[in-house]
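Chemist: Next come a sequence and a model predicted from it.
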Amino acid sequence: MIKLLFKYKTKAYLLLWYAFLLLIHFVVKDRYQVFVFIFNAVSLLFIIVYGIIVALCLYKHKALLISMLVINCVLGVYWYNNYHYNTEDITITNASKDTHSILFWNISRPTNLPLEDILKKMKAYHPEILVFVEAKNISDKDISTFKTHYPLYNIQQLEGEMMIAVKGEIDDIKFNKITRGSKNNLVAVTIEGKHYKILINDLFANPALSKKSEFKSIESSVKSEKIDFIVGDFNTPYESYFFNALKTDFESFHKYNNGFTATWPSVFPVLEIDHIWVSKTWKPLILHKEFNNSSDHGVLIGTFQIKH
């Protein structure tokens, strides 16, 4: 093996880089600034594709070729089992009265609110809470049209290019500019006489910079407030080290997907950067995800119920 590495330096570098990518993805993750870009930019699917290419480059060395193909087959099975789910569908017709839904969507700064798409989701899933980020150019006419269709909902634009609609009352809003390009709103609402708090996040998109400060801020909010839902465009993959801090008190809809888990970009979704987390008071049931031409992010509709 040592002789092979010296004799075939280029191929050796390909192998070492492959091993390095696996180390970053599974062990190091985005804990350290120096590795953040590699972690954010190179998904496991890309690593597997790269591994297959490396294997083909080693076709003259059968032992290495077979080993690499076996490793990538195992990784392929792991990827499919952890990034694709066939969750049993829950519809409004067979759901219990304790079943609820929340919709989250990064609508990518549209010239108008994509009302046609939103109203279709309202009809299909009846979410009590709707949250939008990058909702920059929302006109009073669009808001009025939504209220005409759903008069029981209160809808309000928030600082930081966000918007929320709830089937109830919006009681309090606290805006927080975390860092340049990152912000969140903590919104207290009342739905059917019950009080909930929703932390809406929109974090900066630069994949080369660490979001350690952002997650520290979110963690601080979680410790100081009784939050029920954490939603947003985190521009951070689900595998991120920083999501570990949420797992004690919250559960992600990741494994409740009905299909592949990636949320962006819509043409070829490879990264799961939009997230819905619910307090462990709730039991996630299913996450529906849909893509359309209105945004480069998928629409997420999480259905859940109170734990008994």
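Modeler: Thanks, I have the structure now.

Chemist: Please list all residues in contact with the residue positioned nearest the centre of the chain.
Modeler: Nearest to the mean C-alpha position of the chain, counting by CA atoms, centre = their mean, stands Asp274 at 2.5 Å. Shown in contact with Asp274 (CB atoms under 8 Å, 6 or more residues apart in numbering): 104, 106, 232-234, 263-264, 297-298, 300. Bear in mind the C-beta positions are built from the backbone N, C-alpha and C, glycine included.

Chemist: Tell me the bridge partners for it.
Modeler: Asp233 (DSSP bridges).

Chemist: Tabulate the contacts of Asp274 in TSV, adding columns for pLDDT, distance to Phe253 and neighbour count.
Modeler: Shown next, in TSV, are those (pLDDT from 0 to 100; distance: CB to CB, whole Å; neighbours: other CB atoms under 10 Å):
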residue	pLDDT	distance to Phe253	neighbour count
Phe104	98	10	28
Asn106	98	16	24
Gly232	98	13	27
Asp233	98	15	22
Phe234	98	13	25
Thr263	98	11	27
Trp264	97	15	20
His297	98	15	23
Gly298	98	12	27
Leu300	98	7	22
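
Chemist: So which of these is the closest to Ile90?
Modeler: Within these, the smallest distance to Ile90 is 14.7 Å, found for Leu300 (CB to CB).

Chemist: which SS class is the closest one?
Modeler: strand (DSSP: H, G, I helix; E, B strand; the rest coil).

Chemist: can you pull up the bridge partners for it?
Modeler: With DSSP bridges as the rule, Leu300 is bridged to Phe104, Lys289.

Chemist: How about Glu251?
Modeler: The partner residues for Glu251, given DSSP bridges, come to Val278.

Chemist: residues contacting Glu116?
Modeler: By CB under 8 Å, 6+ apart, the contact set of Glu116 is empty.

Chemist: so which strand or helix has it?
Modeler: Applying DSSP states H and E as the criterion places Glu116 in helix 115-125.

Chemist: Tell me the first helix or strand C-terminal of that helix.
Modeler: Next helix or strand after helix 115-125 toward the C-terminus (DSSP H and E): strand 129-133.

Chemist: what comes into contact with stretch 215-233?
Modeler: Stretch 215-233 is touched from outside by 102, 104, 106, 129, 131, 133-134, 176, 178, 184, 186, 196-203, 242-243, 245-246, 249-250, 273-279, 281-282, 297, with contacts defined as CB under 8 Å, 6+ apart.

Chemist: Only C-alpha atoms, please: export it in PDB.
Modeler: C-alpha atoms of stretch 215-233 as PDB (Å, rounded to 0.1, in the frame of the first residue of the first chain):
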ATOM      1  CA  PHE A 215     -27.000  29.100  17.300                       C
ATOM      2  CA  LYS A 216     -25.700  30.400  20.700                       C
ATOM      3  CA  SER A 217     -28.400  33.100  20.400                       C
ATOM      4  CA  ILE A 218     -31.100  30.600  19.500                       C
ATOM      5  CA  GLU A 219     -30.000  28.400  22.400                       C
ATOM      6  CA  SER A 220     -30.200  31.400  24.800                       C
ATOM      7  CA  SER A 221     -33.800  32.100  23.600                       C
ATOM      8  CA  VAL A 222     -34.700  28.500  24.200                       C
ATOM      9  CA  LYS A 223     -33.300  28.600  27.800                       C
ATOM     10  CA  SER A 224     -35.100  31.900  28.600                       C
ATOM     11  CA  GLU A 225     -38.400  31.300  26.900                       C
ATOM     12  CA  LYS A 226     -40.900  28.400  26.800                       C
ATOM     13  CA  ILE A 227     -40.800  28.000  23.000                       C
ATOM     14  CA  ASP A 228     -43.100  25.500  21.200                       C
ATOM     15  CA  PHE A 229     -41.800  25.800  17.600                       C
ATOM     16  CA  ILE A 230     -38.400  26.700  16.100                       C
ATOM     17  CA  VAL A 231     -38.700  27.200  12.300                       C
ATOM     18  CA  GLY A 232     -36.600  28.900   9.700                       C
ATOM     19  CA  ASP A 233     -34.100  29.000   6.900                       C
END
